Every structure is written in C-alpha cells, then in structure tokens.
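>>> Return atomic coordinates for the entry below.
(one chain, ligands or ions: 3)
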Amino acid sequence: MRILSNTRIATRLSLAFGAVLATMGFMILFSLGQIENTTGSSQRLATASLNTVTLARDAQAAAQAGAVHLHELFMLPAQSQRIPVYTTIDAQARKREAAISALLAAEDAPHYRSQLDGVVYYRDRYVNAFDATVEAVELDVDVARAQMIAHTMPALEDMLAALDALVTAQSERATLKLLGINTLKAESRDAILSLGGVAVLLACLSALAITRSIARPLAQTEKLARDIAAGELGSMLPLAGKDEVGGLIRALDDMRHGIAARETRIADLAFKDSLTGLPNRTLFIDRLRQALEAARSSAHPLSLLVLDIDRFKTVNNVLGHPVGDRLLVQIAERLKSAGLRDSDLLARIAGDEFRLLLPTQDVDQAVDVARRLIGALHEPIELDGQAIDVSASVGIASFPAHGDSADVLMSRADLAMYVAKQGGDGFVCFDSMLERSTDQGLSLLSDLRRAVDRNELTLHFQPKMKLPERTCGSVEALVRWRHPTRGMIPPDQFIPFAEETGFIRNITCWVLESACATAAAWARDGRPLDINVNVSTRDLVSMDLPSVVAGVLARQGLNPALLCLEITESAIMGDPTLALASLSRLNEMGVRLSIDDFGTGYSSLAYLKKLPVQELKIDRSFVMNLDRDSGDAMIVRSTIELAHNFGLQVVAEGVENEHICQTLIRLGCDEAQGYHFGRPMPADDFDEWYRGSVTAAGPVQRIARR
Ligand code: C2E
Ligand code: MG
Ligand code: MG
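Ligands and ions are numbered 1, 2, ... in the order given. This next block holds a predicted model:
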C-alpha cells in the first residue's frame, strides 16, 4: 500500500489497465495459435489418410485388373489375339507400380515402413509369379493355368492383404493422431480458460488495490479537512505518499500550519501588549474573572496588584517617546524577573500601568511580591549609557478580604495605588479606612467604576459665542457626576483620579456617545450646533481614539464636522508622536480639533501649529484678569495675533463680564465662552437658554458654518 501511495494515481491506473490488457492480448494470440495448430494437424492428417488409401486401392485395383487380363490370355488361342492384352497388362502393371512408388515416397511412409516392406515383398513375389505365368502361356496354356492357380493367385492375395494391412495401419495411426489433436484442443481450452481467469483476477485485484489506495487516504484527508474547519489543528496527519492525494494532504497540512500561525498572531494581537510582549488589559481582565471564579469555588485567596511608574510622563517628555518605550520594555523585564511564579499573571494595561494577578496568594504574600517588584526597580536602568532612576507605586487588593468581584477589586487596588502615589509610600494595601479618608474627593472615587453603569454621569452644556455677533455657534459638553448621596460633583474632583487610574477611557466613551447623540438630535431639529468634547491625555495614548470616535459618529449619525475634540497641551506633549498620529487620523475623518487651556503648559504656538488643529482656547486664568493684569492682557493679545497668523480660530474661556467681552472683540478674538453668556447647563435649561438667545439676537444667526 505504501509503494502504491508513492506512485501517482495516473501511473497506477495505466499500469493496472496495461497489465490487464497485456494478459488479454496474450490470451487472444495464444488462442489463435492453438486454433491454427489443431486445424493444420487435422488437415494434414486427413490429406495423408486419403492419399494412402487411394494409392493402396489403386495398386490393388491395378493388380487385380492385371490378374483378370492374365486369365483372358488363357482364353485366346492365337498369339496375335494375345498381343493387345499384353499391352493392357503392361499398362495395369505401370499403374500398380506408380501407386506403390507413390506410397513409398509419401511423407508419412517412414511411419509404415514394415507394412510397405510387406507390400514390396509380396508385390515382387506376385510379379515373379505373374511373369512366369505369362511366359508359360506362350509355351503351354495348361502349365500356365496351373502356375496361375498355384503361385500367381496366392501371390496376388498376399499382396492385396499387404496393401490392406497398410491401409489398416494408416487408419490406426490417423485415429491415434486424432486423439492427440483432441487432447491438444482440450489443453488449449484449459490454457485459454486459465489465462482468462488470470486476466479477470488481475483486473479485480488491480481495481481493489487502486480503489483502496485512493479511497482510504481520501477519506482520511476529508476528515483532516473537517478537523481543520472545526478548528482542531492538532489532529493526526494521514500518511502522505508521493501521489496526488499525498500532495493534497501536504497542502492541507501547510494550510493547517498557516492557520495555526495566523491564529497565534491574532491571539497575540488581541491579547498581548505589542511593546513588552506581556498580556494586555483584555487578557488580564478575562484571567482575573476566571481566577475569581476558581477562588470562590475552592475558597483560596487571590490578590491583585496595580503598579504605576512614578513621573513616567516627565521621563517621556524629557527623553522622548522612543526612549520611554525602551524604558517600559526594560521595566517589564525587571518586573518579570522579580521572582514571579508561573501561575502569576503580569500584564501591561496602558502606558506606564502594570497589573499583577496572584491567583492563590493572600494579602501578606502579595505584600512580599509588591516589595520584590519595587526592589526590582531600585537599580537605575541604563539606556544609551544614561542611568535612569525609576520607581513605582503599587496598590494591593485581595479576595476575599477586600471584595469579591473583579470591578470592586480593581477599583480598590486603584485607590490603594493612588494613595501610595500621593504619599510616596511605595505600596499601599487597600483598607476600608482609605475610603473614609478626610479627603472628600478620594472618598468618592471608589464608586466611580460603577458610576457609568448606574447612569450617574450627566452632561452640562455651555455655549460658545461668536464675536462680535454674540451668537451661539457651538457648545462645550462638560461632564457632571450625579452622586446618589453627595449630589452634583464637578469634574475637577473625579477626572484627575479617573485619569490616574485609566478609568477616564470609560468616561470619555460615555461622554462622546451622549454628546454626539444630543448634537445629532439638535441637528435633526434644525439646530446644527458644533459640540465640543474634552479628551484626556490617557485617551490619546491608551486607546484607539479615532476608531472610538468613528464608531460613535456612525452610531449616532452625526456629521463629523459638527464634532470638535478639546485636547490639553499636556496631552499632546506627553506623547507627541502618538498624539500626532491620532490627531491626523481624526482630522482626516473631518473632526475638528481644539487646544484647550492654552497657556498653562510649556508648548510653543509654533509647535502646536504643526498639529492638525483648527482652534485654540486661551485658558480662563489669563482671560479672567484681562482688565486688571497687564501681563495677562499682553499674553492674550499676542496669543490672538500669533494664532491668527497661523490660521487658527481663537476662543477665550472664562469671560465673566461685558468689559472683558469688549476687550476681546477689540483684540479680534473669534469666540468667547464664560458665565457672562451662560453657565454650563443641563440639556433642558440649555434648550431654553438657546431659544432665548436666538430671540434676543433677532433672526436666526446660526450662519457662518465652515
Ligand atoms: P475646561 O475644558 O477648560 O472647561 C471649562 C471649565 O471652565 C468648566 O469647568 C466651566 O464650568 C468653567 N467655566 C466656564 N466659564 C467660566 C467662567 O466664566 N468663569 C469661571 N470661573 N469658570 C468658567 P468644569 O465644568 O468644572 O470643568 C473643569 C474641567 O474638567 C474642564 O476644563 C475639563 O478640563 C474637565 N472636564 C470637564 N468635562 C470633561 C469631560 O467630559 N472629559 C474630560 N476629559 N474632562 C472634562
Ligand atoms: Mg474644555
Ligand atoms: Mg479649558
């Protein structure tokens, strides 16, 4: 079977059919030969028999005729009467001799040698007796008659008997030969039947072998293909020969390896952090949930560590993003080699934030691990010959002591890390005291994770007025937290912590979705106002903001030109390369971009100009003192002029009175935002305000769209 599967199917079929055809061809030729043989033998036998009998009978007839004419001589007294008879007797004698000579010369004469010798012997005696009788006739008829009776006639009878014996021997031989021919016929028939049987057997065996050699591997190949389709990539490979099916098996095997490699790659992309090769956030949360389930059923503890690198943003800013990346890789290596067990799961969640899952360890063991992690970063990290000091803050929360769900444990570990960072303590274990801390802001933060789910967030809208027309062209969406017990909480009290812990991503997604939904509703009502949404530093570096925005716009059916994202200077400076890439993609989508709180960071306008932004918002701290502080007035004036030179729209935040508004109009500021026009308002209040503003401004002036 192995040899068969190493031979191509086409060759196998050709060989099998060739063998069967050759056997049949040989059988046909053999049969024809045998028929030819038996027919030839029969014909020769028949001819020889006929010839011998005819000659023998001719000789007998001539001899008998000669004897009759001899008798005639006795009846003829005159010699003249006898002379013609002599002539006749001579003619008969020649006939007889010719027949006997022919018998002697016949092809099969050697077979009847003794009978022929008998014939010749008796013929000679007969001829002598006959001649003596003829001689006697001329002398004395009576003597001749006596001679005839005494010698010639017995000699004739002997000769006739010898000829009869010859005929008998010949017919016996013919019978024997006939028997031989019959035997030959039977043998030929048997041989032909055997050859036919061999041909049929050969055909059956070839058909069976070929069918098996094709059907079985094909069935195995079909199973392999089904296994691959079902995602079972480790199933046994059927034995692959060198034939066409073998080729198919090898191709399927290649396909299987290709699929496995791509699946691994997809899994890597989906579950691994591409920078450090560590598990990513998705995988970490999945494993945390699984580990919690296992811990609940087996009643063993579990600990969660959140580790955030101190002052990483500064390192990134000073040394640049590529160095920051390499530093993170080194940090990951240090953490990995801090004596972790195989079952522990270290993941990079975002930016400089790592998390560690200790599936079977309690608080004390987790504290040991935290010490080791912090210790692993004690030695400065060398990069390009430069020693960089790195430290980290770690927060610890354990199951069951500090919570029994993934969300609660993560939020408590985040809180502990936040406290560690504030206090510069290295690591802090969660304690319920933390939540009862005097810091009111901090005490609220552990609830933040559930705020989105409980629908506790809401948006307020603050108008941005066009100058000098004083019409509302756009609105800034500002988030508020409607805490069940503490009432409305301003963003300053929870956004910094949300940024610190990475939870800001969830808040940003929620704000984008609701703000765009509101703007889309306004547009449908014939009020196409721009909506400004604030975006954090972390949003730019830790998630694919352009994809998130594209998803929201598509879901809400909002024209991208109606959305403007406000980004602070520090967000851009934290990771300029990544920020530029994200901002460019957003810009290509048609989304407007604005630099928020301009003047509070250290970036130059010249640098910001390189970014694809359209708007610049001067921080309210400069605007509010515009009419009192000549320094601020100069900053605002030069910012407006420079921004205009760079083709940017300028918005002044924190406009609280008419005097400042007048100054801004004089300086050529494009838009103003502040309590003087309207405070941030809930949607219903804003609707009312807007209707009032339109009425006050006369005919609708929502003109000058881009
Ligand atoms: P911002 O983006 O610069 O927003 C403007 C802030 O100035 C708002 O404070 C607004 O109420 C306040 N403001 C407006 N006009 C005046 C005025 O005439 N005088 C004074 N004194 N203040 C005025 P708010 O709503 O408390 O927001 C504070 C900051 O929180 C925002 O500053 C923004 O950085 C952040 N924030 C607010 N909502 C969000 C959000 O949805 N996402 C993110 N990432 N950050 C947000
Ligand atoms: Mg803003
Ligand atoms: Mg601002």
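>>> Within range of ligand 2, give me the residues from the stretch 401-550 of the chain.
residue 534 (Cβ under 5 Å from the ion). To be clear about C-beta, it is placed using only N, CA and C from the backbone, and glycine gets the same treatment.
>>> pLDDT weak spots in the stretch 401-550 of the chain?
425, 433, 435-446, 449, 500-502, 542 (pLDDT under 70).
>>> again, only using 50
Scanning the stretch 401-550 of the chain for pLDDT under 50 picks out 438, 440-442.
>>> Who does the closest residue to ligand 2 within it form a beta bridge with?
Relative to ligand 2, the nearest point of the stretch 401-550 of the chain is residue 534 (4.5 Å; Cβ to the ion). Using DSSP bridges, the bridge partners assigned to residue 534 are residue 566.
>>> what does the protein have sitting close to ligand 3?
596, 597, 653.
>>> Return the distance of the first one relative to residue 664.
For residue 596, the distance to residue 664 equals 17 Å [Cβ to Cβ, to the nearest Å].
>>> The residue of the stretch 401-550 of the chain closest to ligand 2 touches residue 511, doesn't it?
Yes - applying Cβ atoms under 8 Å, one finds residue 534 in contact with residue 511, separated by 7.5 Å.
>>> so what sits against both of these two?
Common neighbours of residue 534 and residue 511 are listed as 477, 479 (criterion: Cβ atoms under 8 Å, 6 or more residues apart in numbering).
>>> show me the contacts for the residue of the stretch 401-550 of the chain closest to ligand 2.
476, 477, 478, 479, 511, 565, 566, 596.
>>> rewinding a little: compare neighbour counts for residue 596 and residue 664 and give me the winner.
Set residue 596 next to residue 664 and count neighbours by other Cβ atoms under 10 Å: residue 664 wins out with 26 against 23.
>>> Find the helix or strand that that one is a member of.
For residue 664, the host element (DSSP states H and E) is helix 658-667.
>>> Any buried residues in that helix, and which?
Within helix 658-667, the residues that count as buried by 16 or more other Cβ atoms under 10 Å are 660, 661, 663, 664, 667.
>>> Is there contact, residue-wise, from it to ligand 1?
No - Helix 658-667 does not reach ligand 1 (Cβ under 6 Å from any ligand atom); its nearest approach is 9.1 Å.
>>> Residue 129: what's it in contact with?
147, 151, 152, 155.
>>> Now flag whichever of these is closest to ligand 2.
Closest approach between those and ligand 2, by Cβ to the ion: residue 155, at 160.3 Å.
>>> Make JSON lines out of the contacts of residue 129 and add neighbour count.
Formatted as JSON lines, the contacts of residue 129 follow (neighbours: other Cβ atoms under 10 Å):
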{"residue": "147", "neighbour count": "20"}
{"residue": "151", "neighbour count": "17"}
{"residue": "152", "neighbour count": "26"}
{"residue": "155", "neighbour count": "22"}
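>>> ok, which pair from these is furthest apart?
Maximum pairwise distance among those (Cβ to Cβ): 10.8 Å, between 147 and 155.
>>> if we can go back for a sec, just give me the closest of the contacts of residue 129 to ligand 3.
Distances from ligand 3 to the contacts of residue 129, taken by Cβ to the ion, are shortest for residue 155, at 163.3 Å.
>>> where's the closest residue to the closest one other than its chain neighbours relative to ligand 3, distance?
Of all residues not flanking residue 155 in the chain, residue 126 sits nearest, at 3.8 Å (Cβ to Cβ, 6 or more residues apart in numbering). Residue 126 sits 161 Å away from ligand 3, going by Cβ to the ion, to the nearest Å.
>>> Strands of the stretch 101-250 of the chain, start to end?
Remark: no strands are assigned in the stretch 101-250 of the chain by DSSP state E, counting those that start in this stretch.
>>> Next, count neighbours for the residue of it found nearest ligand 2.
Per Cβ to the ion, residue 231 is where the stretch 101-250 of the chain lies closest to ligand 2, at 48.4 Å. Residue 231: 8 surrounding residues under other Cβ under 10 Å.
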